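# predicted model and sequence follow; I will ask about them next.
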Amino acid sequence: MVDADSAKKPKVTRYLNQISLDEAVAAMRSSFARPDGPNNRETVPLLDACGRISAESLRAGYSVPPANVSAMDGIAVKSADTVGANEQLPVKIKDYLRVNTGNHVPPEYDAVIMIEDTWADSDGFLIRKAARPWQNVRAAGEDIRKGDLVIPAGHRIRPFDCGALGTYGFSEIAVHKITAGLIPTGSELIKIGETPKPGQVVESNIPMAAIWLKERHVKPVLYPMTPDEPDLIRAAIQKAVDENDIVIVSAGSSAGTKDFTGSVIAELGELIFHGIGIMPGKPMILGRIKNKPVIGLPGYPISAQVVLREVVGPLLDSWGYTGFDCGRTDAVLTADLSSNVGFDEFVLLSVARKGDVYYAAQQSRGAGVQTATLKSNAYLRIPAPLEGYSAGESVSVCLTQPLEYADRSLLVIGMTDPALGALSELLRDKGVILHIYNSGNMGGVIALKKDICHCAPLHALGPDGDYNIAAVKRYLPQTRVHLIAAAGIEYGFAMRKSMSLEETLKSLNAGELIFASQPKDSESELILRKLLVERDLCEKDALSDDLKRSDIIFAGEMAAAVSVVNGRSECCFVPCSIAKSCGLEFVSADFARYELAIRDTEMADKRIQTLIDVISSDAYKERLNGMGGYDAAIAGEKRIIE
């Protein structure tokens with residue numbers, strides 16, 4: 001039996017009417033005309049008018065110039081007085097007026113002679129060339145006449161337009177105005193500035209949307225965070241609809257047990273669609289309440305960005321509220337990009353120029369990984385009919401920063417480390433931008449082999465106990481490669497309770513510790529096995545895959561450290577930087593040589609030379625020492641593989 005209260009609750013929707021991206025954009029544009037009521041106009045000072053849309057036609061209140069003015073520094077004359085003047089028979093002008101550019105030319109004069117074409121005499125000026133009527137004179141109304149159209153209604157005002165508008169006497173401009181009501185929903189939300197606890201999420205989608213709208217000169221109106229309760233969501237949407245031209249609801253659009261946005265919109269008006277064939281961004285909602293668009297954004301930040309840019313953006317474009325466009329460029333993909341047929345997928349990219357070609361490396365494709373936005377400078381749309389693109393294929397990408405940024409960028413593919421962050425900061429001051437893609441040691445070597453990156457950061461332990469040389473020689477035989485030391489990365493044991501190194505090694509080898517291990521081919525595992533062999537604590541070769549320990553295997557170094565923090569394991573082997581970030585005790589065990597592998601053909605590039613100069617600098621070494629967990633002394637050391 002269903003109780004009365006539960007029967008009144010909106011049902012959770014499940015993407016019952018998913019449509020394509022093109023259909024969604026068409027539905028947006030055809031369903032909603034630009035709001036043009038009495039509340040959609042305002043008068044703003046000229047200094048605030050740039051980027052706004054004029055609400056009415058503007059006509060000149062006076063002529064410009066208002067009277068005849070001089071176009072040059074010189075003397076105003078009567079052209080008839082200059083007839084016959086030449087080099088052999090100069091004419092003396094006694095009836096003249098000395099004028100500067102912009103000075104009024106009285107009606108009795110009809111020409112201006114440039115001062116450099118005259119020769120001063122005791123009682124006048126000598127000229128050696130006759131002046132044409134109206135020579136160097138700007139006639140009254142030459143620019144614009146009183147009553148002429150200055151700009152029509154619906155004109156997007158540009159920066160240089162404002163200079164002309166000021167000249168024509170307009171200190172204030174009537175412009176179009178729309179407001180967007182922004183509603184964050186979710187019982188798990190906390191404000192920006194608060195530290196989230198498990199199960200809590202910082203609400204950043206609405207501030208992001210507000211800033212994006214402001215760039216388009218749409219006024220955002222922010223409403224309080226609304227818990228996942230249908231009655232509260234209903235009240236918030238009703239209020240926002242009454243007070244704004246467009247409403248955007250963040251989260252509550254998916255198919256979870258507490259996602260009520262779609263049902264509430266359907267109850268209050270019309271649900272046009274719920275679900276769109278894009279990735280990320282599938283759970284988007286479009287509804288109509290009181291003939292106003294009500295949009296449900298997905299909760300994941302990257303999904304919300306895609307919906308704003310690809311669906312909401314075209315609607316605002318059609319209304320005249322356009323945003324900043326960095327244009328497009330062709331770029332060669334550094335890796336395969338697969339996609340699900342039937343979905344338009346948007347992939348964030350890092351683009352950099354290498355020689356005469358731009359290369360693009362994908363960033364994380366997770367809908368919640370916001371660092372991908374920060375690291376990228378472009379994105380690619382993979383159309384729904386395609387299964388993706390292949391490595392080496394040239395594609396047209398949309399830039400999110402000017403192309404000049406790609407010209408100043410270096411594409412760095414390989415094993416990432418916080419040391420690259422320190423390097424990146426210092427390089428920015430030198431005008432060089434690092435775009436870093438984490439592919440691991442092997443991915444870095446392969447990228448270097450394919451010649452699709454500027455450099456590959458590596459700390460690949462070889463069978464001989466040295467770093468990086470064996471891996472580079474194996475995949476780039478007979479290729480001259482420079483290895484530039486970036487740092488020695490300190491590796492060791494991270495624990496909640498400190499033990500000495502010897503105690504830790506013995507306990508580990510004896511199986512007395514619950515150890516958070518990592519895959520056998522991971523760098524930290526290889527370094528640990530090398531350490532065990534060197535200490536005669538293991539009879540197996542350092543590269544053996546059958547060492548016996550009481551291990552719990554985790555996918556990566558951070559996951560292993562987190563397992564120690566939450567008590568699932570007692571110890572793990574990770575870089576010092578990870579132990580510090582997790583607040584664990586750390587016992588140093590070894591240093592891994594971290595080097596940037598650079599093809600010899602790249603060494604003449606000024607950006608590469610700047611990179612090497614910064615790595616060798618005292619400022620970089622001081623930065624590493626301040627971070628802790630590094631041997632900064634080796635930074636800048638060079639080795640060459642022939």
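Received it, and whenever you're ready, just let me know what you need. Predicted model, so just to flag it, every value in this text is computed and none were measured. Numbers count the residues shown, from 1 in each chain.
# quick one: low-confidence parts of the protein?
1-17, 252-259, 367-368, 537-552 (pLDDT under 70).
# what residue spans form the domains of it?
For the chain, automatic domain parsing gives the domain ranges 4-35+178-319, 38-64+143-176, 69-138, 410-642.
# out of the ones you listed, which is closest to Thr373?
domain 4-35+178-319 (6.8 Å; Cβ to Cβ). C-beta coordinates here come from the backbone N, C-alpha and C atoms, glycine included.
# and that closest one, how far out from the chain middle?
Computed by Cα atoms, centre = their mean, to the nearest Å, the chain-centroid distance of domain 4-35+178-319 equals 23 Å.
# cool, and stretch 616-635?
29 Å.
# one step back: need the domains of the chain in CSV with distance to Pro383 and mean neighbour count, can you?
Formatted as CSV, the domains of the chain follow (distance: least, Cβ to Cβ, whole Å; neighbours: other Cβ atoms under 10 Å):
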stretch, distance to Pro383, mean neighbour count
domain 4-35+178-319, 9, 19
domain 38-64+143-176, 30, 15
domain 69-138, 55, 16
domain 410-642, 24, 19
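# and Leu532, which helix or strand is it part of?
helix 523-534 (DSSP states H and E).
# could you dump that helix to PDB, C-alpha only?
Output in PDB follows, covering the C-alpha atoms of helix 523-534 (Å, rounded to 0.1, in the frame of the first residue of the first chain):
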ATOM      1  CA  GLU A 523      58.000   2.100 -10.300                       C
ATOM      2  CA  SER A 524      57.700   2.100  -6.600                       C
ATOM      3  CA  GLU A 525      57.500  -1.700  -6.500                       C
ATOM      4  CA  LEU A 526      60.600  -2.000  -8.700                       C
ATOM      5  CA  ILE A 527      62.500   0.400  -6.400                       C
ATOM      6  CA  LEU A 528      61.500  -1.500  -3.300                       C
ATOM      7  CA  ARG A 529      62.500  -4.800  -4.800                       C
ATOM      8  CA  LYS A 530      65.900  -3.400  -5.700                       C
ATOM      9  CA  LEU A 531      66.200  -2.200  -2.200                       C
ATOM     10  CA  LEU A 532      65.400  -5.600  -0.700                       C
ATOM     11  CA  VAL A 533      68.000  -7.300  -3.000                       C
ATOM     12  CA  GLU A 534      70.700  -4.800  -2.000                       C
END
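# which of the three states applies to the residue of the chain most remote from its centre?
Distance from the C-alpha centroid of the chain peaks at Leu89, with 70.0 Å (Cα atoms, centre = their mean). Three-state assignment for Leu89 (DSSP: H, G, I helix; E, B strand; the rest coil): coil.
# about what we covered before: so which of the domains of the chain is nearest Val341?
Closest to Val341 of these is domain 4-35+178-319 (Cβ to Cβ; 10.4 Å).
# hang on, the earlier thing: okay if I get the domains of the chain as TSV plus distance to Thr373?
Formatted as TSV, the domains of the chain follow (distance: least, Cβ to Cβ, whole Å):
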stretch	distance to Thr373
domain 4-35+178-319	7
domain 38-64+143-176	23
domain 69-138	50
domain 410-642	13
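# and the gap between Tyr491 and Ala266?
Distance from Tyr491 to Ala266, counting by Cβ to Cβ, to the nearest Å: 56 Å.
# likewise for Ala235?
16 Å.
# tell me the strands beside the strand or helix carrying Tyr359, with direction?
Assigned by DSSP H and E, Tyr359 belongs to strand 357-362. If you go by DSSP bridges, strand 357-362 pairs up with strand 328-333 (parallel), strand 344-354 (antiparallel).
# tell me the buried residues in the helix or strand following that strand?
Per DSSP H and E, the first helix or strand lying C-terminal to strand 357-362 is helix 371-375. Residues 372-373, 375 are the ones in helix 371-375 that count as buried (16 or more other Cβ atoms under 10 Å).
# I'd like those laid out as JSON lines, including distance to Ile527.
Output for the buried residues of helix 371-375, formatted as JSON lines (distance: Cβ to Cβ, whole Å):
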{"residue": "Ala372", "distance to Ile527": "29"}
{"residue": "Thr373", "distance to Ile527": "33"}
{"residue": "Lys375", "distance to Ile527": "27"}
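# which among these gets closest to Lys94?
Looking across these and measuring by Cβ to Cβ, the closest to Lys94 is Thr373, at 74.3 Å.
# and for whichever helix or strand Ile237 is part of, what are the contacting residues?
For Ile237, the host element (DSSP H and E) is helix 230-243. Contacting residues not belonging to helix 230-243 are listed as 9-10, 179, 181-183, 185, 221, 223-224, 226, 247, 249, 252, 260-261, 263-265, 267-268, 289-290, 292, 294 [Cβ atoms under 8 Å, 6 or more residues apart in numbering].
# switch to 6 Å and redo it
9-10, 181, 183, 185, 223, 226, 247, 260, 264, 289-290, 292 (Cβ atoms under 6 Å, 6 or more residues apart in numbering).
# show me these that map onto strands.
Using DSSP state E, 181, 183, 247, 289, 292 are the members of the contacts of helix 230-243 that sit in strands.
# hmm, which two among those residues are most spread apart?
Longest span within the ones in strands among the contacts of helix 230-243, Cβ to Cβ: Ile183 and Lys292, 13.5 Å.
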